[in-house]
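Enquirer: after the sequence you'll find the predicted model.
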Amino acid sequence: MPGFDYIAVADSALFPLAVYPFNKINFVTLLPNSATEMKKLMSDGTITRFYGWINNDLVRISCIKIPWCEEAPRNEYGWLFAGEIIEKSEAVFASALIGGNVTVTQEPVSIKNSDQKASSGKKIIRTSIPVYGRHNLPVASFNAETYSKPQDEIEKYQSRLILILIIFLVSFLIFLTLYLRRYYILPLKMINLAFKFRDPEMLKMTKNNDKDFNSLQLFMMNIFSQESLLNDMIRYRTTDNLNSFHAALLYQISDAVFATDHNNVITYWNSSAEALYGIPERDAITKQADILIVSRWANKKEKEYHENQLQTNGIMRGKMLQTTPNGSELLVDAVITQLHDCNGVLIGQLNVFRKSD
């Protein structure tokens with residue numbers, strides 16, 4: 001096949017059956033060696049491409065699933081891998097297309113784009129595009145450097161605009177100093193002090209016959225009176241009202257939410273929990289959570305890790321398997337948070353679960 005430097009054929013278990021050239025075993029080391037690894041690597045299209053290094057050569061590998069002969073069972077198939085070395089001429093061709101410089105580096109650099117000034121004063125746009133290998137990790141980067149002529153023009157326009165704004169601002173400040181200081185600067189200072197010290201009496205210290213200022217003075221006095229009234233309303237709002245408000249919010253969210261006290265007794269059960277587990281609120285409240293819903297981590301090896309996270313950070317999250325009273329099994333995404341009172345004492349846990357696909 002012209003255009004390819006390496007070719008390999010593997011069976012459905014990804015065991016190499018043939019390699020061309022026959023002595024290029026290095027090419028085989030770049031290929032996936034398990035069905036799980038291949039499944040993660042495959043793209044949505046017909047052909048999957050990934051990259052790897054053989055010595056100092058970057059190799060682009062194309063992969064496609066191929067059927068066996070007609071006599072083979074229907075479920076039998078193989079894999080065809082074709083590799084081509086990316087020559088320096090490709091980088092030169094890409095450089096000509098973008099009007100800049102394109103290089104390939106083996107160690108991936110930062111993916112962030114950066115703008116810098118060249119010694120000539122022109123704006124240089126540096127872009128790094130990583131390419132990925134068989135493990136879905138970057139193995140190389142294509143680095144492009146281009147000059148931005150429109151950006152240079154924009155910077156010149158911005159400089160002129162900033163100069164115009166500075167001139168306008170200086171003129172405006174001179175106008176304020178010469179014509180408005182007598183009538184507005186001092187009253188505004190008093191208003192600022194009145195807000196700073198929360199003392200409306202300071203507004204009365206300024207005598208001014210200007211109708212606009214007098215209207216503003218009345219408006220500010222009205223604000224102080226409304227703020228005082230609002231503070232009184234908040235001060236007398238009971239804790240029970242706030243708790244009811246928070247419970248109403250939790251009751252409306254789509255995730256299953258229930259709270260437990262420090263003895264793991266259920267104290268709150270929202271409507272989404274009723275729908276997910278098929279248990280009404282009246283049957284769930286006051287029940288032991290670990291008896292009503294038997295939960296365990298989907299990955300048993302992560303149990304100790306999650307418990308350490310809860311003790312250290314006050315929160316743990318992950319996938320759990322749950323068994324409901326009717327015997328059905330659920331796979332859920334779980335977020336469990338510790339609840340503390342105003343003194344920092346542990347009073348229970350908030351459990352949020354969402355059915356996982």
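Expert: Looks like it came in fine.
Enquirer: show me what counts as buried in the helix or strand hosting residue 320.
Expert: Using DSSP states H and E, residue 320 maps to strand 315-323. Neighbour counts over strand 315-323 (16 or more other C-beta atoms under 10 Å) mark 316, 318, 320, 321, 322 as buried. C-beta: built from backbone N, CA, C; applies to glycine.
Enquirer: ok, so of the residues you listed, who is nearest residue 91?
Expert: Nearest to residue 91 out of the buried residues of strand 315-323 is residue 318 (C-beta to C-beta; 44.5 Å).
Enquirer: shouldn't residue 145 be in contact with residue 91?
Expert: No: using C-beta atoms under 8 Å, residue 145 is not in contact with residue 91; the gap is 11.8 Å.
Enquirer: helices and strands around the strand holding residue 320, which ones?
Expert: Judged by 3 or more C-beta pairs under 8 Å, 6 or more residues apart in numbering; DSSP states H and E, strand 315-323 is in contact with strand 294-297, helix 303-313, strand 329-340.
Enquirer: got the angle between that strand and strand 329-340?
Expert: Strand 315-323 and strand 329-340 meet at an angle of 150 degrees, taking axes from the mean of the first three to the mean of the last three C-alpha atoms, to 10 degrees as the criterion.
Enquirer: quick one: the helices in the stretch 1-150 of the chain?
Expert: 35-41, 88-98, 149-175 (DSSP state H, counting those that start in this stretch).
Enquirer: of all those helices, which one comes closest to residue 3?
Expert: Among these, the nearest to residue 3 by C-beta to C-beta is helix 88-98 (12.3 Å).
Enquirer: can you list the residues that contact that closest one?
Expert: Residues from elsewhere that reach helix 88-98, judged by C-beta atoms under 8 Å, 6 or more residues apart in numbering: 101, 102, 103, 104, 142, 144, 146.
Enquirer: closest to residue 8 out of those residues?
Expert: Proximity of these to residue 8 (C-beta to C-beta) peaks at residue 104, which lies at 23.2 Å.
Enquirer: adding distance to residue 22 and mean neighbour count, write the helices of the stretch 1-150 of the chain out as JSON lines.
Expert: Shown next, in JSON lines, are those (distance: least, C-beta to C-beta, whole Å; neighbours: other C-beta atoms under 10 Å):
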{"stretch": "helix 35-41", "distance to residue 22": "23", "mean neighbour count": "13"}
{"stretch": "helix 88-98", "distance to residue 22": "27", "mean neighbour count": "12"}
{"stretch": "helix 149-175", "distance to residue 22": "52", "mean neighbour count": "10"}
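Enquirer: the contacts of helix 88-98: which two are farthest apart?
Expert: The most widely separated members of the contacts of helix 88-98, counting by C-beta to C-beta, are 104 and 146 (16.3 Å).
Enquirer: quick one: low-confidence ranges for the stretch 101-250 of the chain?
Expert: For the stretch 101-250 of the chain, applying pLDDT under 70 flags the ranges 107-123, 147-149, 151-152, 179-250.
Enquirer: still on that earlier bit, touching both of residue 145 and residue 91, which residues are there?
Expert: Residues touching both residue 145 and residue 91 (C-beta under 8 Å, 6+ apart) are residue 102.
Enquirer: re earlier: which of the helices and strands packed on strand 315-323 sits most buried?
Expert: Highest mean neighbour count among the helices and strands packed on strand 315-323 (mean count of other C-beta atoms under 10 Å): strand 329-340, with a mean of 16.
Enquirer: the inter-axis angle of that strand versus helix 303-313?
Expert: Going by the same axes, to 10 degrees, strand 329-340 is angled at 30 degrees with respect to helix 303-313.
Enquirer: what's the domain layout of the protein?
Expert: The chain breaks down into these structural domains: 6-86, 89-147, 156-235, 240-355 (assignment by automatic domain parsing).
Enquirer: coming back round to it: return the strand holding residue 320 as PDB; C-alpha atoms alone will do.
Expert: Output in PDB follows, covering the C-alpha atoms of strand 315-323 (Å, rounded to 0.1, in the frame of the first residue of the first chain):
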ATOM      1  CA  ILE A 315     -18.000  15.400  51.600                       C
ATOM      2  CA  MET A 316     -17.700  12.300  49.500                       C
ATOM      3  CA  ARG A 317     -19.000  11.500  46.000                       C
ATOM      4  CA  GLY A 318     -19.000   8.500  43.700                       C
ATOM      5  CA  LYS A 319     -21.100   5.600  42.300                       C
ATOM      6  CA  MET A 320     -23.000   3.400  44.700                       C
ATOM      7  CA  LEU A 321     -25.200   0.300  44.400                       C
ATOM      8  CA  GLN A 322     -28.400   0.500  46.400                       C
ATOM      9  CA  THR A 323     -31.000  -2.200  47.300                       C
END
